[in-house]
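[1] quick one: sequence plus predicted model below, questions after.
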Amino acid sequence: MKSRFMIASLGVCLAASSLFSATAAAQTQVGPTTIRVFNSGWASDQFSIGNGSTATNPANCPSSDLYELGSTNGGYKTILATTLTAVSSGQNVSIVVSNTTCGSSGRPLIIGLAINP
């Protein structure tokens, strides 16, 4: 009985480890960098940002001029607020982009953003 429990526990640990490794591998961090371009709207509830150079594009999206996020993506309101705070205060940011998914406009998809004071 005890060995079955240990085997089951080991299986759960291995499965969790695989899940967390896959999640960590599904993203790329850019920065710290300065946001030099902020675009919003264009008849949709989305925004895009850029740092003045070609966007890191791990998902091989069709456009690599900017990073983008739309309101249908998770974390939109929080990331937008963080972006606006960074732009208005002139703080550097670290942009986290998806390694597997592009935004609706075909640009690298923002999945996280951190201010680096």
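    Good, I have the coordinates. The model shown is predicted, which means the values in this text are computed figures rather than measured ones.
[2] need the residues that contact the strand or helix carrying residue 80.
    Per DSSP states H and E, residue 80 falls inside helix 76-89. Counting by CB atoms under 8 Å, 6 or more residues apart in numbering, helix 76-89 makes contact with 35, 38, 47, 49, 69-70, 91-93, 110, 112-115, all of which sit outside it. In this view, the C-beta of every residue, glycine as well, is placed from N, C-alpha and C.
[3] which of those residues lies closest to residue 61?
    Nearest to residue 61 among the contacts of helix 76-89: residue 110, at 11.8 Å, using CB to CB.
[4] may I have the phi/psi pair for that closest one?
    phi -80, psi 130 (degrees, to the nearest 10).
[5] so what's the backbone phi/psi at the closest residue to it other than its chain neighbours?
    Nearest non-adjacent residue to residue 110, counting by CB to CB, 6 or more residues apart in numbering: residue 69, 4.2 Å away. Main-chain dihedrals, residue 69, degrees, to the nearest 10: phi -150, psi 130.
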